[in-house]
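>>> Predicted model follows, preceded by the sequence.
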Amino acid sequence: MADAARAMVLTSFLGDSLALGVHWIYDQQLLAEVHGRIDRLKAPGPDSYHPGKQAGDFTHYGDQTMVLLESLARAKGFDAEDFSRAWRAHFEGGAPSYVDRATRNTLNQLVAGWEYGDAGSISDDLAGASRIAPLVYLLHGDEEALVAACRRQTTLTHNNGKVGDSAEFFARTTAAVLGGTPPREAMARALAGRLPGSPLHQWFADAQAQQGTDCLTAINRFGQSCHVDGAFQSTVQVILRHQDAPAEALVDSTMAGGDSAARNMLIGMVLGAWRGLDALPPHWLEALKARGKIETLLDALDAAPKA
């Protein structure tokens, strides 16, 4: 399980890095014509949302996930205040990270004096739930503690019930996958008897109905944007269609355009936990600039005293 858990974290980061070069390009035909098939980590153009980034770097989602991983290693566990403080310092310190609306609104409320636990934006972007791989690594042996931590970290920037429900769904799913349950079954179990009244039940059924559809078409139908209603279904559809092929899943999601980075972090997390690093092209991992740092931080989490 230890190897699978490491693969889960690294593949989540790889998913973000794979999307970097074409993040938020919505025209699927234009994306393919200009960039070809995105089957390697590439740099974004100077007119992109991530100027100055290089191949193997992260979008602002991956950057925030790294802040979370660093916080976990520093605090030897999940400390919401430490993460919030480090997250704010990352953006206010001039780091080359795009500042999206959820980030800007949260920062504004922190600057205005709001308590860190109340300052999260009301954004319904799925990205708030996409950062959780480090928490799954740390807490997958205690599912209820994991769910509480994932929901908490999500609300610090995305204080939206549907995004919180999504974080819980993907946390429970990935914990079950690390325990040997196939992703399709794990996703169904993650909802069974839980989250009454949540739209995730219908969204999951809608994704199941489209699992035979090619991913580009399905994602275009559900929605390529950041909003959880559409992004959730798109993410689940890719996992359902490519359960045993994480590389193909991540390439298809990237080629589908839009907010591919948020989708990819969750797809990579679930399918990395299931199939491991051997299912990915070796050159992806070789090109990931922060690989050494990520593995060092995971080593620190492994060495931390257990409660």
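Yes, it's here.
>>> for the stretch 201-307 of the chain, which spans come out with low pLDDT?
For the stretch 201-307 of the chain, the stretches flagged by pLDDT under 70 are 305-307.
>>> now the helices for it?
In the stretch 201-307 of the chain, the segments counted as helices under DSSP state H, counting those that start in this stretch are 215-222, 228-241, 246-255, 260-275, 282-287, 291-303.
>>> Select, out of these, the one closest to Val111.
For Val111, the closest of the helices of the stretch 201-307 of the chain is helix 260-275, at 25.3 Å, according to C-beta to C-beta. For the C-beta atoms, the positions are set from N, CA and C on the backbone; glycine is no exception.
>>> that older thread, now tabulate the helices of the stretch 201-307 of the chain in a markdown table and tack on distance to Asp27 and mean neighbour count.
Output for the helices of the stretch 201-307 of the chain, formatted as a markdown table (distance: least, C-beta to C-beta, whole Å; neighbours: other C-beta atoms under 10 Å):
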| stretch | distance to Asp27 | mean neighbour count |
| --- | --- | --- |
| helix 215-222 | 11 | 20 |
| helix 228-241 | 16 | 26 |
| helix 246-255 | 12 | 24 |
| helix 260-275 | 13 | 30 |
| helix 282-287 | 25 | 14 |
| helix 291-303 | 32 | 15 |
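>>> Out of those helices, the one nearest Thr65 is which?
Closest of the helices of the stretch 201-307 of the chain to Thr65 is helix 260-275, at 7.0 Å (criterion: C-beta to C-beta).
>>> tell me what the closest one is packed against?
On a contact count with 3 or more C-beta pairs under 8 Å, 6 or more residues apart in numbering; DSSP states H and E, helix 260-275 meets helix 2-20, helix 60-75, helix 133-139, helix 161-178, helix 183-191, helix 228-241, helix 246-255.
>>> and His242, backbone torsions?
Phi and psi for His242, reported as degrees, to the nearest 10, are phi -120, psi 40.
>>> and if you look at Asp125?
When read as degrees, to the nearest 10, the backbone of Asp125 gives phi -70, psi 130.
>>> Test of understanding: give the bridge partners of it.
When bridges are called by DSSP bridges, Asp125 pairs up with His227.
>>> Contacts only, for it.
100, 102, 158, 163, 226-228, 231, 259, 262 (C-beta atoms under 8 Å, 6 or more residues apart in numbering).
>>> Show me just the buried residues among these.
100, 102, 158, 163, 226-228, 231, 259, 262 (16 or more other C-beta atoms under 10 Å).
>>> follow-up on the earlier one: which one of the helices and strands packed on helix 260-275 lies nearest to Ala304?
Closest to Ala304 of those is helix 60-75 (C-beta to C-beta; 7.5 Å).
>>> List the buried residues in that closest one.
60-73.
>>> Could you list every helix and strand in contact with that helix?
helix 2-20, helix 80-92, helix 133-139, helix 260-275, helix 291-303.
>>> what does the last one rub up against?
Pointing back at helix 291-303 there. For helix 291-303, contacts defined as C-beta under 8 Å, 6+ apart pick out 2, 6, 9-10, 13, 66, 69-70, 72-73, 134, 137-138, 285, 288.
>>> Minimum pLDDT in those, which residue is that?
Across the set of those, Ala2 stands lowest in pLDDT, at 75.
>>> contacting residues around it?
Contact analysis of Ala2 by C-beta under 8 Å, 6+ apart lists Asp302.
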